[in-house]
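Engineer: Okay, sequence plus prediction incoming.
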Amino acid sequence: MTPAHPTPVTVVGIGADGWPGLPAVSRAALTDAEVIVGGPRQLALLPADCAGERVAWPSPLRPAVPALLDRHRGSRLAVLASGDPMFYGIGRTLTEIAGADALRVLPHPSSVSYACARVGWPLEGTETVSLVGRPADRLAAVLHDGRRVLVLSAGADTPATVAALLTDRGFGPSRMTVLEQLGAESEAAYAGVAEDWTHPPGDALNVIAVDCLRAPDALRLGAVPGLPDAAYEHDGQLTKRHVRAATLAALAPAPGELLWDVGGGSGSIAVEWMRTHPSCRAYTVERSPERAGRITRNAARLGVPGLHVVTGAAPAALAELPPPDAVFIGGGLTAPGLLDACWEALGEGGRLVANTVTLESEALLADRYRRHGGDLTRLSVAHAVPVGGFTGWRQAMPVTQWSATKTAGVGRS
C-alpha cells in the first residue's frame, strides 16, 4: 500500500450538470487545487477559474494510481469523480491504495439517485448492476419477475445489449427506460419493451431502468439454491436439484467467501454458491475440457460470469488456487491425496462437503467422519412416475454426504 498522502487528496463528485451543479465547498476545493486529475469529459466541465494543472487519467487506470499520487505528493491534489465517488467510483480505488485517512471526499448525487427520482422508484427497493468494465451476463443473476433494476451503462450500445440479454433470458416483455445525461440541461429519456427494442444508440452517458417482466413460457429461477435441473446444460454430470439444495445448505455460503468446487461437472454447485451474494467467489476444477466449457456457458447464462474455471485434474490443479473458505468435492474422491489436500487447504472455520454414490468413496468418507467428526448423511430422493395406469415411486441412487467444519484440534484417530 502506498503511504498516506501528506496533504489530503480531495475527491470531488461532479455530475453531468458540471460546474453549475457543484456546491460551494466543491467549487472552492477545485479552485484551490494545484493539480486536478480526472477523465477528459470531467476536466472539460471545469471553468478557467480552476487554474491547477489538469491531468487526464491514463489507461489502464488502477495500476497508474500509486505513481500518480507519489508524483504529486505535497501538492494540493483534487480528483474528479462521476457522481458519488464511493458508488462504483474512483473513491474505492483511492481508499484501497492510499487509505481513507488520506482522502477528503465531497460526493455529488449519484446517477442512481437521479434515475430513481426520474422514474419514481424508491432507491432502497431498487437493484443496481454496473456493466462498466463488466460483462453484461452479470445482469442475469438479478432478473426476477416484478423486480426493478437500474443498469449503469458502459456506453451508447449498452441499452441494445441489455434488451438482447433480457429477451434471451426470458424477460423480453420487460419495459426499459434509458435516461441520458442525468442532471444536465441536455437530459433526455426514451423507453420501450426489450423484445421489440429498435432504438438506435444514443448518448454514451446513460442509465437503464428495467421493470422486469418474465415471459409466460420462460423457466422460473428462484433466489435460493436448488434451481431447476433444466436451467443447466449438462451431459448427466449434474448434482440434481434436491441434493444440490441440501449441499449448498451444508456449505453455508456467506458474503465475500470463496469456494473450491472440485470435480465441477456442470458447475451447478459453484454457480449457485455465487448466486447467493454478488461478493461470493468460486473456482471450479474440471479435468474434461468439454465439461469446463459447459461450466463457463452455464455460469454466464445464470449471471455469474466471474466463476473461475480451472481445467485440470485434482489435487494437482489445486496447488495455485487461493485459500478457500469452503470446499465441495463432487467427483474424483478416490484420487490419491485429494481429500487430504482439500482438508489441509481449509483454515479454521472452513467447511468441507463431499458427495458420493459409490461404495468405494463412501468408505473414504466414513473414515474421514471417524477422524474429523462432522455429519455423515444419506440423501435419498424418489420421484413419482407413471406405473401403467397408476403412479409409483422411482428411487434415485442414494447420495452419501460428509460435511465437516475445521476447528482447532479437530480430529479423532
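Structural biologist: It's in.
Engineer: So Val105 versus Val9, what's the distance?
Structural biologist: As for Val105, its distance to Val9 is 9 Å (criterion: C-beta to C-beta, to the nearest Å). Backbone N, C-alpha and C define where each C-beta goes, glycine included.
Engineer: More neighbours: these two, which one.
Structural biologist: For Val105 versus Val9, the count of surrounding residues by other C-beta atoms under 10 Å is larger for Val9: 23 against 20.
Engineer: So the residue nearest to Val357 when sequence neighbours are not counted: helix, strand or coil?
Structural biologist: Leaving out its chain neighbours, the residue that sits closest to Val357 by C-beta to C-beta, 6 or more residues apart in numbering is Met397, at 4.7 Å. Secondary structure assignment for Met397 (DSSP: H, G, I helix; E, B strand; the rest coil): coil.
Engineer: Quick one: residues contacting Ala408.
Structural biologist: If a contact means C-beta atoms under 8 Å, 6 or more residues apart in numbering, then Ala408 has Glu348 as its contacts.
Engineer: wait, what's in contact with the residue nearest to Leu22 when sequence neighbours are not counted?
Structural biologist: Spatial nearest neighbour of Leu22, chain neighbours left out: Ile14 (6.4 Å); criterion: C-beta to C-beta, 6+ apart. For Ile14, the contact set (C-beta under 8 Å, 6+ apart) comprises Gly21, Leu22, Ser26, Gln42, Leu45, Leu80, Ala81, Ser82, Gly83, His108.
Engineer: can you give me phi and psi for Ile14?
Structural biologist: phi -140, psi 140 (degrees, to the nearest 10).
Engineer: and it, how far is that from Cys50?
Structural biologist: With C-beta to C-beta as the criterion, Ile14 and Cys50 are 11 Å apart.
Engineer: swap in Ala156?
Structural biologist: Here the distance between Ala156 and Cys50 works out to 28 Å (C-beta to C-beta).
Engineer: now the strands for the stretch 1-150 of the chain?
Structural biologist: Counting by DSSP state E, counting those that start in this stretch, the stretch 1-150 of the chain has strands at residues 9-14, 35-38, 53-56, 77-82, 103-106, 127-130, 148-152.
Engineer: a markdown table for those, including mean pLDDT and distance to Pro173?
Structural biologist: As requested, the strands of the stretch 1-150 of the chain are exported to a markdown table (pLDDT from 0 to 100; distance: least, C-beta to C-beta, whole Å):
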| stretch | mean pLDDT | distance to Pro173 |
| --- | --- | --- |
| strand 9-14 | 96 | 36 |
| strand 35-38 | 96 | 40 |
| strand 53-56 | 95 | 43 |
| strand 77-82 | 95 | 32 |
| strand 103-106 | 96 | 41 |
| strand 127-130 | 96 | 18 |
| strand 148-152 | 98 | 14 |
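Engineer: Need those in JSON lines (columns: distance to Gly388).
Structural biologist: What follows is the strands of the stretch 1-150 of the chain, written out as JSON lines (distance: least, C-beta to C-beta, whole Å):
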{"stretch": "strand 9-14", "distance to Gly388": "71"}
{"stretch": "strand 35-38", "distance to Gly388": "75"}
{"stretch": "strand 53-56", "distance to Gly388": "76"}
{"stretch": "strand 77-82", "distance to Gly388": "67"}
{"stretch": "strand 103-106", "distance to Gly388": "72"}
{"stretch": "strand 127-130", "distance to Gly388": "49"}
{"stretch": "strand 148-152", "distance to Gly388": "49"}
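Engineer: Let me know which of those is the nearest to Gly222.
Structural biologist: Each of the strands of the stretch 1-150 of the chain has some distance to Gly222 by C-beta to C-beta; the shortest is strand 127-130, at 15.7 Å.
Engineer: if we can go back for a sec, mind checking which of Ala156 and Cys50 has more residues around it?
Structural biologist: Neighbours around Ala156 and Cys50, counted as other C-beta under 10 Å, are more numerous at Cys50. The numbers are 19 against 16.
Engineer: Show residues contacting stretch 77-88.
Structural biologist: Against stretch 77-88 from outside (C-beta under 8 Å, 6+ apart): 5, 7, 9-15, 29-30, 33-39, 42-43, 46, 52, 69, 89-92, 94-95, 105, 107-113, 130, 132, 152.
Engineer: Which members of those residues are classed as buried?
Structural biologist: By the neighbour-count criterion of 16 or more other C-beta atoms under 10 Å, the contacts of stretch 77-88 include these buried positions: 5, 9-15, 29-30, 33, 35-38, 42-43, 46, 52, 69, 89-91, 94-95, 105, 107-113, 130, 152.
Engineer: Pick out the residue nearest the middle of the protein.
Structural biologist: With distances taken as C-alpha atoms, centre = their mean, the chain has Pro278 as the residue nearest its mean C-alpha position (3.9 Å).
Engineer: Surely that one and Leu139 touch.
Structural biologist: No - between Pro278 and Leu139 there is no contact, the gap being 11.6 Å when judged by C-beta atoms under 8 Å.
Engineer: List the buried residues in the one helix or strand in the chain whose mean pLDDT sits lowest.
Structural biologist: Among the secondary structure pieces of the chain, namely its helices and strands, helix 65-71 has the lowest mean (mean pLDDT, DSSP states H and E), a mean of 91. By neighbour count, with 16+ other C-beta under 10 Å as the criterion, the buried positions of helix 65-71 are Val65, Leu68, Leu69.
Engineer: ok, of those, which one's closest to Ser288?
Structural biologist: Set against Ser288, the nearest of those by C-beta to C-beta is Val65 (40.8 Å).
Engineer: for that closest one, what are its contacts?
Structural biologist: The contact partners of Val65, taken as C-beta under 8 Å, 6+ apart, are Thr93, Leu94, Ile97.
Engineer: can I get those residues in CSV with pLDDT and distance to Pro305?
Structural biologist: Output for those, formatted as CSV (pLDDT from 0 to 100; distance: C-beta to C-beta, whole Å):
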residue, pLDDT, distance to Pro305
Thr93, 93, 22
Leu94, 94, 27
Ile97, 92, 26
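Engineer: Now distance to Gly347 too, for these, in a markdown table please.
Structural biologist: Conversion of those to a markdown table gives the following (distance: C-beta to C-beta, whole Å):
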| residue | distance to Gly347 |
| --- | --- |
| Thr93 | 28 |
| Leu94 | 30 |
| Ile97 | 27 |
